[in-house]
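S.K.: Provide a 3D model corresponding to the input given below.
(one chain, ligands or ions: 1)
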Amino acid sequence: MSQELPLTRLSQGQLNLLKACPRKFQHIYFEQLGTHVSPEQQEHLTWGSRFHLVMQQRELGLPVESLVREDAQLQHWVTALVNAAPEALTKEPQTFRESEHCRTLSLQGYLLTVIYDLLIEESSCAQILDWKTYPQPKNRQWLTHDWQTRLYLYILAETSDYLPEQISMSYWFVKSQFGPQSLKFTYNQLQHEQTRQDLTQQLIKLTQWRQRYEAGEQFPQVEVSTGRCRDCNFAVRCQRTSESSAISSKDLLLNLANVPEVSI
Ligand code: SF4
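M.R.: Below you'll find the model as predicted:
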């Protein structure tokens, strides 16, 4: 008898992981295997959480002094962001604003979930703002294709009366070298339809992989040629260490040698 599939809630992070490598998704969410987090990464994550907390408290009109008093760097970057984005961080009447605003959308048996760092709704447009504490990526395309951008815009269009053209999303890279920098993404009906198609296909695939996994088959692995296995914590488990890659290359050469037309 087939078991009820356990996972129903999906975030942008999980969609990005699925896109990067379905097998990694399996290791983390079905086998509950953790990935190693270095002390530097942990420190960065903790700092990022504190930054988000300060911004949320500020938005709610609550005092933030106790949170920033001991951390001059945190205070510096919060002030820098407020100065760099006054229009986004100044409350206007007639505007709905909410930090850590959560929305969900049901699609293909999954509950897609987003949390906006700040949502600002006006009569004719809506803005999603997201604070990033890592450096601004050199390639804007990377963020255009990232599931965070796509899913955040998609869900707002699906769960509000705004047309896609009335919605935008801005990332603020708080710790940029010359002060906070932003990248804004506009949206339109064409992108919305494309996201609907891609999302639907991805979710259908996920359901198939989950059903096969229940029957004993593993999720697909990413191609070796992407180079993603090199720094992956699961390389040994996946037999994708440099040693096994070397063996794969050798096997490939042996296979080519068996092709009669090719003389080596
Ligand atoms: S080692 Fe490669 S195939 Fe295995 S989980 Fe990591 S990225 Fe995916």
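
S.K.: Any residues of this structure in contact with the ligand? List them.
M.R.: Proximity of the chain to the ligand, by C-beta under 6 Å from any ligand atom, involves residues 21, 23-24, 27, 221-222, 228-229, 232, 234-235, 238, 240. The way it works is simple: take the backbone N, C-alpha and C, and place the C-beta from them, glycine included.

S.K.: Buried ones among those?
M.R.: In the residues of the chain next to the ligand, burial by neighbour count holds for 21, 23-24, 27, 221-222, 228-229, 232, 234-235, 238, 240, counting by 16 or more other C-beta atoms under 10 Å.

S.K.: For residue 95, grab phi and psi.
M.R.: phi -120, psi 140 (degrees, to the nearest 10).

S.K.: ok, it - how many residues close by?
M.R.: 13 (other C-beta atoms under 10 Å).

S.K.: next one: residue 196
M.R.: 14.

S.K.: isn't there a strand covering it?
M.R.: No - using DSSP: H, G, I helix; E, B strand; the rest coil, the assignment for residue 196 is helix, not a strand.

S.K.: Report the contact partners of it.
M.R.: residue 154 (C-beta atoms under 8 Å, 6 or more residues apart in numbering).

S.K.: Do you know the pLDDT at it?
M.R.: Note on residue 196: pLDDT of 98.

S.K.: returning to what we had before: Serialize the residues of the chain next to the ligand to CSV and add fields for secondary structure and pLDDT.
M.R.: Shown next, in CSV, are the residues of the chain next to the ligand (DSSP: H, G, I helix; E, B strand; the rest coil; pLDDT from 0 to 100):
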residue, secondary structure, pLDDT
21, coil, 97
23, helix, 97
24, helix, 96
27, helix, 95
221, coil, 96
222, coil, 95
228, coil, 92
229, coil, 94
232, coil, 91
234, coil, 93
235, coil, 93
238, coil, 93
240, coil, 90
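
S.K.: Let me have those residues in TSV, extended by distance to residue 135.
M.R.: Listed next are the residues of the chain next to the ligand as TSV, based on distance: C-beta to C-beta, whole Å:
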residue	distance to residue 135
21	24
23	29
24	24
27	28
221	30
222	25
228	21
229	25
232	23
234	27
235	26
238	30
240	29
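
S.K.: Most widely separated two among those?
M.R.: Using C-beta to C-beta, the two most remote members of the residues of the chain next to the ligand are 27 and 228, lying 13.2 Å apart.

S.K.: quick one: low-confidence ranges for the stretch 151-264 of the chain?
M.R.: 243-264 (pLDDT under 70).

S.K.: For residue 116, name its beta-bridge partners.
M.R.: residue 101 (DSSP bridges).

S.K.: ok, how many other residues are close to it?
M.R.: For residue 116, using other C-beta under 10 Å, the count is 21.

S.K.: just residue 72 next, same as before
M.R.: Residues near residue 72, counting by other C-beta under 10 Å: 9.

S.K.: Number the chain from 16, please
M.R.: Noted, 16 is the first residue going forward, which turns the last one into residue 87.

S.K.: ok, what's across the strand from residue 135?
M.R.: Beta-bridge partners, per DSSP bridges, of residue 135: residue 112, residue 142.

S.K.: you'd agree it is up against residue 141?
M.R.: Yes - look at residue 135 against residue 141 with C-beta atoms under 8 Å: they come within range, at 6.8 Å.

S.K.: If anything else comes up later, I'll come back, but that's it for now.
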